[in-house]
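Undergrad: Kindly generate the corresponding structure for this input.
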Amino acid sequence: MNKEIKLKFHNRGLRSYIEVDLCAECPRQDAKGCCGYYSPVFYASDFAYLLEKKPELIEHILQADRITVLDTSVTLNKSIDGDSYRCHFHSQEGGCSLAQEERESICRHFVCPGIDWEREPGLFHWKRFFTMLFDYEIELNNEIARVLSEEGLSLRNENDRAAFFSRLQDIFRDKTSKLPDFFKECPEKEEATLLREISFGQDWKL
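TA: As a prediction, this is how the structure comes out:
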């Protein structure tokens, strides 16, 4: 069957994201869709945002049961859910418990391949935007990690976490005092409607 799918692209700088109305009626019909396959990873730039906007979420992340803590990132490992898995932040009743801008990079940018919005000529500017944003985030996180490492600060050391986050904020502000020009190339918000053939269950690609 064919279905109209509405996408909303939001240019919020480093916290940019894509909304898809199909998510609420995921064709996988398993009450978790892509959230049953991915373990979110929070990096330095994510923590910098949360320190400013929702510091209590950082405490929640660090106190979660199934986490992998590296020097400058934390992975919330997915939990077994029946014959599959489920993301720590996902519930069958309400979907993701995080607001869009609180989510890490993949969860803000991901759109299932079945929609394939990137092949639309009228959306090439957004394809370029999110490709460059993804690369910039990697570069930024690597640079912040390098400085923190040189100063001997790591999330692995629980006693140093206050100093880690304080220094992270300073480094983040310095490194993002001048953002790349591509952030100016897309509007603050744009909507698009695509017509796609929908398949259900495992036939719908994630």
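Undergrad: And the strands in this structure, which stretches?
TA: Secondary structure of the chain by DSSP state E: the strands cover 2-10, 17-20, 41-42, 67-69, 74-76, 79-81, 84-86, 90-91, 95-96, 189-197.
Undergrad: Any idea which of those strands gets closest to Asp174?
TA: The minimum distance between Asp174 and the strands of the chain falls on strand 41-42, with 20.5 Å, by CB to CB. Placement of C-beta: from N, CA and C, glycine included.
Undergrad: Give me the distance between that closest one and the centre of its chain.
TA: Offset of strand 41-42 from its chain centre (CA atoms, centre = their mean, to the nearest Å): 8 Å.
Undergrad: Which residues does that strand contact?
TA: Strand 41-42 is contacted from outside by 50, 61, 73-76, 104, 106, using CB atoms under 8 Å, 6 or more residues apart in numbering.
Undergrad: again, only this time at 10 Å
TA: Applying CB atoms under 10 Å, 6 or more residues apart in numbering, the set of residues contacting strand 41-42 from outside is 49-50, 57-58, 61-62, 67-68, 70, 72-77, 102-107, 155.
Undergrad: what's the answer for stretch 188-200, then?
TA: So stretch 188-200 is contacted by 1-12, 16, 19-22, 25-29, 114-117, 119-120, 122-123, 125-126, 204-205 (CB under 10 Å, 6+ apart).
Undergrad: can you do 6 Å?
TA: Applying CB atoms under 6 Å, 6 or more residues apart in numbering, the set of residues contacting stretch 188-200 from outside is 1-11, 27, 29, 115.
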